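S.K.: Sequence and predicted model, in that order:
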Amino acid sequence: MPVNINDALPAKALLEAENVFVMGESRAVTQDIRPLKILILNLMPLKIVAETQLLRVLSNSPLQVEIELMMTNSHLHRNTPQEHLLTFYHTFEEVESLYFDGMIITGAPIELIDFTEVNYWEELCSIMEWSKKHVTSTLHICWGAQAGLYYHFGLKKYELPKKMFGVFRHDVLLPKEPLLRGFDDSFFAPHSRYTEVREDEVIKHPGLLLLSRSPEAGAYLIMSEDRRQVFVTGHPEYDPNTLGEEYWRDINKGLEIAVPEHYYPDNDPKANPLVTWRGHAHLLYSNWLNYYVYQSTPYTLGEIDG
């Protein structure tokens, strides 16, 4: 089944060119089915890139998914055309009275800024509080995961000695948890961040479950005990060339940046990267949609017990 998106969204043509099954609104309204309503709070500066990556991994499911895009109102968005934002994005005030089956909070390249110094932190806190009664399940990515763990559970983030940058092996710790259903014992996922949440603090917290970790990258998949909050410390949705584009962007700026680890064959940045995480990424999002959204959400959306 397809992802249901606005007919004019640029991602639609890009995904159709990849033979990804997407459905425009005009066709979707003729189908007698209630799609899952998923809200994406896109905090990334390159919003069109991020939304396309997420739509790609959300599409690999037998469930019809209806997407709404949201941006913060307390931040000036300079890297995405205003016409695109005005056409396709909502503010929190515009969706505050609505209910959603699921929500995704993306990462943002602001790990080294204290949470309280982020100019949209208060707005983000309001959204995360609102989600307790308006969203069945929320999936947080990278900085969004760190922000969610701090807001909901008080876990701090810590600066790393160097950027966690590359594709790392991860181990499954709780194989019977439905989010990990079908996973191999070990799998790969990209990371690109300057901070971390400490694995020992996750394990000690009574309200959290550590589902997967990496010997190099640390805690990866974390879940609240009630299964309503999922935290992903990496970027499984990344395209094959995303890490490479970040690397060459910084090189061209004259910045010091190491070659992404376990990404290029023979660690050669002139080679094409070897993609080892795509299957895991699709399975992760498919499992989240099925077991934590579809199997848990009410048919008639309304206030959720928070």
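M.R.: Thanks, I have the structure now. Residues are numbered from 1 along each chain as shown.
S.K.: Residue 155 contacts residue 196, doesn't it?
M.R.: No. Counting by C-beta atoms under 8 Å, residue 155 does not reach residue 196; the two are 10.4 Å apart. C-beta: built from backbone N, CA, C; applies to glycine.
S.K.: quick one: which of the two has more around it?
M.R.: Between residue 155 and residue 196, residue 155 has the larger neighbour count (other C-beta atoms under 10 Å), namely 22 against 19.
S.K.: The more buried one: helix or strand, and which one exactly?
M.R.: Per DSSP states H and E, residue 155 falls between elements, in no helix or strand.
S.K.: ok, which stretches of this protein are helices?
M.R.: Remark: helices assigned in the chain by DSSP state H are 10-17, 25-28, 47-58, 82-88, 92-95, 121-134, 143-153, 199-204, 242-252, 278-287.
S.K.: which outside residues touch the third one?
M.R.: Helix 47-58 is contacted from outside by 3, 5, 9-11, 14-15, 18, 20, 22, 38, 40, 42, 44, 65, 67, 69, 71, 77, 79-80, 84-85, 89, 104, 106, 236-239, 242, 281-282, 284-285, 289, using C-beta atoms under 8 Å, 6 or more residues apart in numbering.
S.K.: Spit out the contact partners of residue 218.
M.R.: Residues counted as contacts of residue 218 (C-beta under 8 Å, 6+ apart) are 196, 197, 198, 199, 233.
S.K.: Max pairwise distance over the residues you listed: which two?
M.R.: Farthest pair in these (C-beta to C-beta) is 198 and 233. Separation: 11.2 Å.
S.K.: which residues touch residue 223?
M.R.: By C-beta under 8 Å, 6+ apart, the residues touching residue 223 are 177, 179, 208, 209, 211, 229, 230, 231.
S.K.: Would you mind confirming that the first one makes contact with residue 209?
M.R.: So that's residue 177. Yes. Using C-beta under 8 Å, residue 177 is in contact with residue 209, at 7.3 Å.
S.K.: Narrow the contacts of residue 218 to those in strands?
M.R.: Among the contacts of residue 218, the members found in strands (DSSP state E) are residue 196.
S.K.: Just the buried ones out of the contacts of residue 218, please.
M.R.: Buried subset of the contacts of residue 218 (neighbour count, 16 or more other C-beta atoms under 10 Å): 196, 197, 199, 233.
S.K.: Sort out which one of the residues you listed lies nearest residue 277 for me.
M.R.: Among those, residue 233 lies closest to residue 277 (C-beta to C-beta), at 13.8 Å.
S.K.: Please report how far that closest one lies from residue 208.
M.R.: Residue 233 sits 13 Å away from residue 208, going by C-beta to C-beta, to the nearest Å.
S.K.: Name the residues contacting each of the two.
M.R.: By C-beta under 8 Å, 6+ apart, residue 233 and residue 208 have these common neighbours: residue 222.
S.K.: Closest to residue 189 out of the contacts of residue 218?
M.R.: Of those, the one sitting nearest to residue 189 (C-beta to C-beta) turns out to be residue 233, at 9.0 Å.
S.K.: And that closest one, what's its pLDDT?
M.R.: pLDDT recorded at residue 233 is 98.
S.K.: right, and it touches residue 147 too?
M.R.: No. Applying C-beta under 8 Å as the test, residue 233 and residue 147 come out as separate, 11.7 Å apart.
S.K.: Now for residue 69: which residues touch it?
M.R.: Residues near residue 69 by C-beta under 8 Å, 6+ apart: 39, 40, 42, 47, 51, 88, 89, 90.
S.K.: and the residue nearest to residue 261 when sequence neighbours are not counted, how many neighbours does it have?
M.R.: Distances taken as C-beta to C-beta, 6 or more residues apart in numbering put residue 166 closest to residue 261, at 3.0 Å, once the chain neighbours are dropped. For residue 166, the neighbour count with other C-beta under 10 Å is 21.
S.K.: for residue 166, what are its contacts?
M.R.: So residue 166 contacts 190, 191, 243, 260, 261, 262, 263 (C-beta under 8 Å, 6+ apart).
S.K.: Now do the fifth one against residue 84, distance only.
M.R.: What it means is residue 261. As judged by C-beta to C-beta, residue 261 and residue 84 stand 34 Å apart.
S.K.: hey, which helix or strand in this protein has the poorest pLDDT?
M.R.: Least confident element among the helices and strands of the chain, by mean pLDDT, DSSP states H and E: helix 25-28 (a mean of 52).
S.K.: can you give me the strands in the stretch 151-300 of the chain?
M.R.: 158-172, 186-196, 208-214, 218-224, 229-232 (DSSP state E, counting those that start in this stretch).
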